[in-house]
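S.K.: test case, fold it:
(one chain, ligands or ions: 2)
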Amino acid sequence: MMMTLFLDEVTVKIESGAGGNGAVAWHREKFIAFGGPSGGDGGRGGSVYAIATEDLNTLVDFRFISFFKADDGGKGASKNCHGRGGQELVIKVPVGTVLKDADTGEIFADLSTIGQKELIAQGGRGGRGNARFSTAKNKAPYFSEPGEPSIVRNVTMELKLLADVGLVGLPNAGKSTLISVVSAAKPKIANYPFTTLIPNLGVMRKPNGDGIVIADIPGLIEGASQGVGLGHDFLRHVERTRLIVHLVDATATDGGTPLGNYNLIQQELKAYSAELIKRPQLLVLTKQDALDEAELADVIATFNKAYPNLKIYTISAVSKLNLDAFKRTLLEELEKAPKPEAVIVNPTLSDRATNHDDSAFQITKTSAGTFFVEGGKIHRWIEITDMGVPQSLMRFLMVLKALGVFRKLVKMGAKVGDTIEIRDQAFDFEPDEREHPEAYQTDKALADEAQAYQDDLDGDWLLDSEELEESLMETRRLLVPRSVVAKELDTDEALDALAD
Ligand SMILES: Nc1nc2c(ncn2[C@@H]2O[C@H](COP(=O)(O)OP(=O)(O)OP(=O)(O)O)[C@@H](O)[C@H]2O)c(=O)[nH]1
Ligand SMILES: [Mg+2]
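M.R.: Residues are numbered from 1 along each chain as shown. Ligands and ions are numbered 1, 2, ... in the order given. Model (predicted):
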């Protein structure tokens with residue numbers, strides 16, 4: 001079955017370029033055995049923008065491409081060579097396109113003027129090379145920085161205003177024939193209903209050269225307002241025009257009467273939306289050439305009787321009768337038609353186009369004493385960490401700490417000596433004891449401490465009671481979680497217990 005959807009709303013995936021990683025390299029020269037750090041910065045990743053253009057009238061091009069990605073930045077290299085910057089990507093969209101973040105529902109851009117350019121996803125900054133980390137204290141930094149990640153967004157593009165003028169009518173009314181003679185559009189024309197399946201757009205030139213956009217909308221049928229025959233889709237397009245031209249076949253060859261056919265379409269427009277029926281409208285009887293004067297007068301009379309105030313235009317697109325007058329009327333009426341409401345779109349200010357933060361991470365306890373850590377930022381860092389170089393490794397551990405990985409691990413019950421897995425690397429957990437005493441309260445550690453204390457006591461009974469108490473307090477502090485220490489200790493009781 002042939003099913004063609006006209007695209008005035010489309011969701012695409014967009015990804016900016018990631019920043020290139022910074023390099024770790026050393027300056028080498030013939031007679032200098034070991035020079036300073038010379039690793040260059042990574043290049044910036046390309047950003048993705050949308051630009052409003054007059055060249056497009058529909059979003060139909062996006063039917064075939066639904067993923068757009070700008071170039072990643074290049075890696076830094078030795079000799080202070082910076083990575084190449086990724087090329088930016090500018091996506092052309094028709095004027096009148098609104099951009100919405102498909103994940104949050106936020107409208108973030110309204111491309112309403114030609115040439116307007118909006119950022120969708122910023123490229124990642126390049127990571128700094130080790131040359132940039134050289135300080136008086138550390139002249140040989142063995143680490144660099146990873147590039148910032150790309151930004152991935154699902155973006156819904158929606159075209160608000162499709163055309164200035166919308167041609168509506170039953171199938172075979174002559175809509176495509178009319179657009180083919182007033183514009184350069186070359187739609188398919190045939191003597192069967194539903195020849196046109198997606199709106200055709202044509203530009204009619206004004207005497208001054210400006211163009212107005214006319215949409216030939218597929219035929220509407222009874223029930224269109226309820227969705228019959230893709231009616232909803234087509235009426236949505238009608239809604240996006242400023243002036244409706246209702247074409248009625250004066251010969252009514254497909255059955256019914258011209259007046260009955262007119263009423264049918266008006267009913268559908270009204271049923272679809274009370275707003276739509278108030279839109280400026282022209283009634284045009286087509287195929288005038290196929291009727292003689294008396295027949296035409298009859299048809300007009302039936303309309304005059306039913307709608308005394310309705311102005312009626314008659315044309316023949318085939319014999320080019322009254323076409324110039326029709327075009328003039330069209331321009332005049334369009335001039336009078338209200339300008340498209342200053343679109344009521346208030347793009348939300350959100351930082352989703354520039355937010356490169358991927359510092360979220362997840363920890364899973366895979367078995368007793370083993371924890372698996374994953375996260376975008378952590379992965380980027382591990383990629384550039386040289387596990388064989390202590391400085392590089394230290395830097396990585398500092399990043400983990402700064403991200404709060406240690407805190408979370410301790411909270412999940414990780415103890416010193418447990419295994420921490422990240423990607424294909426495994427580490428022994430050894431957090432700073434002063435910061436994470438809980439991690440050191442393993443059963444074994446407690447037993448060792450108690451033994452040491454016992455040994456201490458066994459070897460030296462000369463402590464006076466005050467010293468003993470102090471020493472006990474000290475041990476207690478080491479052995480017992482802080483919350484317990486906070487309670488007042490009953491020293492005598494504790495001493496009794498030890499003496500047993
Ligand atoms: N005699 C005469 N025939 C016409 C005129 N305009 C269109 N027709 C014929 O009417 C038939 C339908 O014309 P189309 O322009 O394809 O009609 P449409 O409204 O686009 O139809 P759909 O796309 O099916 O909705 C074709 O056979 C045309 O040649 C006209 O001014 N005079
Ligand atoms: Mg057609």
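
S.K.: please, which helix or strand holds the residue positioned nearest the centre of the chain?
M.R.: By Cα atoms, centre = their mean, the chain has its centre lying nearest to residue 153, at 2.7 Å. Applying DSSP states H and E as the criterion places residue 153 in strand 152-159.

S.K.: alpha carbons of the helix or strand following that strand, as PDB, please.
M.R.: On the C-terminal side of strand 152-159, the closest following helix or strand by DSSP H and E is strand 165-168. Listed next in PDB are the C-alpha coordinates belonging to strand 165-168 (Å, rounded to 0.1, in the frame of the first residue of the first chain):
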ATOM      1  CA  VAL A 165      -2.300  30.100   0.800                       C
ATOM      2  CA  GLY A 166      -3.900  26.700   1.200                       C
ATOM      3  CA  LEU A 167      -5.900  25.200  -1.700                       C
ATOM      4  CA  VAL A 168      -8.700  22.900  -0.300                       C
END
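
S.K.: off-centre distance for strand 165-168?
M.R.: Strand 165-168 sits 33 Å away from the centroid of its parent chain (Cα atoms, centre = their mean, to the nearest Å).

S.K.: starting at the chain centroid, how far to the next helix or strand after that strand?
M.R.: Next helix or strand after strand 165-168 toward the C-terminus (DSSP H and E): helix 175-182. Computed by Cα atoms, centre = their mean, the chain-centroid distance of helix 175-182 equals 39 Å.

S.K.: the strand holding residue 153 pairs with which strands, and in what direction?
M.R.: strand 9-15 (antiparallel), strand 97-101 (antiparallel) (DSSP bridges).

S.K.: could you identify the helix or strand that succeeds the shortest one?
M.R.: For strand 97-101, the following helix or strand on the C-terminal side (DSSP H and E) is strand 107-111.

S.K.: so what does that following strand touch, helix or strand wise?
M.R.: Counting contacts by 3 or more Cβ pairs under 8 Å, 6 or more residues apart in numbering; DSSP states H and E, strand 107-111 packs against strand 48-53, strand 97-101, strand 117-121. C-beta here means a position set from N, CA and C on the backbone, and glycine is covered the same way.

S.K.: got the contact list for the second one?
M.R.: Residues lying outside strand 97-101 but in contact with it, judged by Cβ atoms under 8 Å, 6 or more residues apart in numbering, are 50, 52, 59, 93, 106-111, 118, 120, 153-160, 343, 345, 350, 352.

S.K.: what's the answer for the first one, then?
M.R.: Applying Cβ under 8 Å, 6+ apart, the external contacts of strand 48-53 come out as 14-16, 68-70, 88-97, 99, 109, 111-121, 157.

S.K.: could you rerun that using 10 Å?
M.R.: Here strand 48-53 makes contact (Cβ atoms under 10 Å, 6 or more residues apart in numbering) with 14-17, 68-70, 88-97, 99, 109-123, 150-151, 153, 155, 157, 353.

S.K.: how much space between residue 231 and residue 152?
M.R.: 36 Å (Cβ to Cβ, to the nearest Å).

S.K.: should've said residue 309
M.R.: Per Cβ to Cβ, residue 309 is found 57 Å from residue 152.

S.K.: so between the two, which is more surrounded?
M.R.: Taking neighbours as other Cβ atoms under 10 Å, residue 309 and residue 152 compare with residue 152 leading, 14 against 5.

S.K.: can you count the residues close to the spatially closest residue to that one that is not a sequence neighbour?
M.R.: Distances taken as Cβ to Cβ, 6 or more residues apart in numbering place residue 15 nearest to residue 152, at 4.7 Å, with adjacent residues excluded. Using other Cβ under 10 Å, residue 15 has 20 neighbouring residues.

S.K.: flag the shaky bits of this protein, pLDDT-wise.
M.R.: For the chain, applying pLDDT under 70 flags the ranges 1-7, 30-34, 161-162, 340-346, 454, 456-500.

S.K.: how about the residues of it by ligand 2?
M.R.: 176, 195-196 (Cβ under 5 Å from the ion).

S.K.: circling back: looking at the strands paired with strand 152-159, which is nearest to ligand 1?
M.R.: With Cβ to the nearest ligand atom as the measure, strand 9-15 is the member of the strands paired with strand 152-159 nearest ligand 1 (22.5 Å).

S.K.: picking up where we left off before, quick check: which of the strands paired with strand 152-159 is buried the most?
M.R.: Neighbour counts (mean count of other Cβ atoms under 10 Å) averaged over each of the strands paired with strand 152-159 peak at strand 97-101, with a mean of 23.

S.K.: how much does that one deviate in direction from strand 48-53?
M.R.: Here strand 97-101 runs at an angle of 160 degrees relative to strand 48-53 (axes from the mean of the first three to the mean of the last three Cα atoms, to 10 degrees).

S.K.: centre of the chain to strand 97-101, how far?
M.R.: Relative to the centre of its chain, strand 97-101 is centred 9 Å away, using Cα atoms, centre = their mean.

S.K.: and stretch 409-420, which residues are buried?
M.R.: Under the neighbour-count criterion of 16 or more other Cβ atoms under 10 Å, stretch 409-420 has 409-410, 414-416, 418, 420 buried.

S.K.: which of these fall in strands?
M.R.: residue 420 (DSSP state E).

S.K.: using JSON lines, lay out the buried residues of stretch 409-420 together with distance to residue 320.
M.R.: Shown next, in JSON lines, are those (distance: Cβ to Cβ, whole Å):
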{"residue": "409", "distance to residue 320": "82"}
{"residue": "410", "distance to residue 320": "85"}
{"residue": "414", "distance to residue 320": "85"}
{"residue": "415", "distance to residue 320": "90"}
{"residue": "416", "distance to residue 320": "92"}
{"residue": "418", "distance to residue 320": "87"}
{"residue": "420", "distance to residue 320": "82"}
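
S.K.: can you give me the end-to-end span of stretch 239-248?
M.R.: Distance across stretch 239-248, first residue to last, is 19 Å (Cα to Cα, to the nearest Å).

S.K.: quick one: it near ligand 1?
M.R.: No: figure legend: stretch 239-248 not in contact with ligand 1 (Cβ under 6 Å from any ligand atom); closest approach 6.6 Å.

S.K.: just the helices in the stretch 301-450 of the chain please.
M.R.: Per DSSP state H, counting those that start in this stretch, the stretch 301-450 of the chain carries helices over the ranges 323-336, 376-383, 390-403, 405-411, 443-459.

S.K.: redo the ones you listed as JSON lines? Include distance to residue 144.
M.R.: Converted to JSON lines, the helices of the stretch 301-450 of the chain look like this (distance: least, Cβ to Cβ, whole Å):
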{"stretch": "helix 323-336", "distance to residue 144": "61"}
{"stretch": "helix 376-383", "distance to residue 144": "10"}
{"stretch": "helix 390-403", "distance to residue 144": "9"}
{"stretch": "helix 405-411", "distance to residue 144": "21"}
{"stretch": "helix 443-459", "distance to residue 144": "37"}
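
S.K.: quick one: buried residues of the strand holding residue 153?
M.R.: 153, 155-159.

S.K.: for ligand 1, see how far away residue 26 is.
M.R.: Distance, residue 26 to ligand 1, by Cβ to the nearest ligand atom, to the nearest Å: 72 Å.

S.K.: ignore what I typed, I meant residue 231.
M.R.: For residue 231, the distance to ligand 1 - Cβ to the nearest ligand atom - is 12 Å.

S.K.: pretty sure residue 109 is touching residue 121, no?
M.R.: No: the pair residue 109 / residue 121 is not scored as a contact, 11.9 Å apart, by Cβ atoms under 10 Å.

S.K.: list residues touching both of the two?
M.R.: 49, 155, 353.

S.K.: neighbours around the last one, how many?
M.R.: Close neighbours of residue 353, defined as other Cβ under 10 Å, add up to 22.

S.K.: before we move on, what about the one 10 residues further on?
M.R.: A total of 17 residues lie near residue 363 under the criterion other Cβ under 10 Å.
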